[in-house]
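In: Mind folding the following:
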Amino acid sequence: MKRIHVLAVSLTGAALLLSACGGTTVSASGPAPTSATSTPAPTETGASAPSSTEAPVPTEAPAPTESNPPGDIPDNVAFVPFTTKSGVTVSTPEGWARTTTPSSVTFTDKLNTVVVSWEKGSQPTVASAKSQDVKALAASTRAFHLVSVSTATLPAGPAVVITYQANSEPNSVTGEQYRLDVIHYELFHAGQRVSLTLLSPVGSDNVDPWRIVTESLSWK
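Out: Numbering: from 1, shown residues only. The predicted structure follows:
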């Protein structure tokens, strides 16, 4: 598999990563759930994704890049669809922990994360991403470094793609952080701005799994 540095799907900044209102529900992803209601899941022990819920974030240097990052998703993993109450469907690896809020759902396994979020909004553009979203990300993401702002065409429709690097949240036990590659897609459908964000350690070879996730995004 060839490594691709620029892909696409959510994180209107980590600001969209978990920008939902209210409490959250955590569960393990399983066969084809049809709503954001879930059941308790095992506690994850890996480094968590960058958070946008605690801004401004501390000023810090980029975490060192691992020479053998522990972030490759197995080739034989099964993918299962999940449909949110807002009508967004996405397929993610089976067994990943799932956290839901009123306006987002996050799937996590060790150092890899998929976030889908939604809100009322307008059609995103490269210009709006550069003038608004990149600034929001820079203010709320640990050691933010912009790689590119571009466009892509997904099966679900045209998307604006913000690609960047960030530090993970410190591990709650060891304090260790990882440098992450982040691909953030922004799409528009039926009055909603939908974001799809993919996070994995720098150097991970997740091109094929991420393609399956992005191409699975669809509307109810």
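In: Now name the helix or strand holding Leu146.
Out: Under the criterion of DSSP states H and E, Leu146 resides in strand 145-154.
In: try Ser128
Out: Element membership for Ser128, per DSSP H and E: helix 126-128.
In: Quick check: buried residues in whichever helix or strand comes after that helix?
Out: Moving toward the C-terminus from helix 126-128, the next helix or strand (DSSP H and E) is helix 134-140. Buried residues in helix 134-140, defined by neighbour count with 16 or more other Cβ atoms under 10 Å: 134, 136-137, 140. From N, CA and C alone the C-beta is placed, and that goes for glycine too.
In: So which of those is the closest to Val116?
Out: Nearest to Val116 among the buried residues of helix 134-140: Leu137, at 17.0 Å, using Cβ to Cβ.
In: my read: that closest one touches Gln165, true?
Out: No: using Cβ atoms under 8 Å, Leu137 is not in contact with Gln165; the gap is 11.0 Å.
In: Tell me the residues that contact both of those two, please.
Out: Shared contacts of Leu137 and Gln165, defined by Cβ atoms under 8 Å, 6 or more residues apart in numbering, comprise Phe144.
In: center of this structure - which residue?
Out: Closest to where the C-alpha atoms of the chain average out (Cα atoms, centre = their mean) is Thr197, at 2.7 Å.
In: Name the strands paired with the strand or helix carrying it and say parallel or antiparallel.
Out: In the assignment (DSSP H and E), Thr197 maps to strand 192-201. Strand 192-201 pairs in its sheet with strand 112-120 (antiparallel), strand 179-189 (antiparallel), by DSSP bridges.
In: Buried ones in the shortest one, by neighbour count?
Out: Of all the residues in strand 112-120, those buried under the rule 16+ other Cβ under 10 Å are 112-118.
In: tell me the mean pLDDT for it?
Out: For strand 112-120, the mean pLDDT works out to 96.
In: Tabulate the buried residues of helix 134-140 in CSV, adding columns for pLDDT.
Out: As requested, the buried residues of helix 134-140 are exported to CSV (pLDDT from 0 to 100):
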residue, pLDDT
Val134, 97
Ala136, 94
Leu137, 94
Ser140, 92
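In: Name the nearest of those relative to Val182.
Out: Nearest to Val182, judged by Cβ to Cβ, of the buried residues of helix 134-140 is Leu137 at 8.8 Å.
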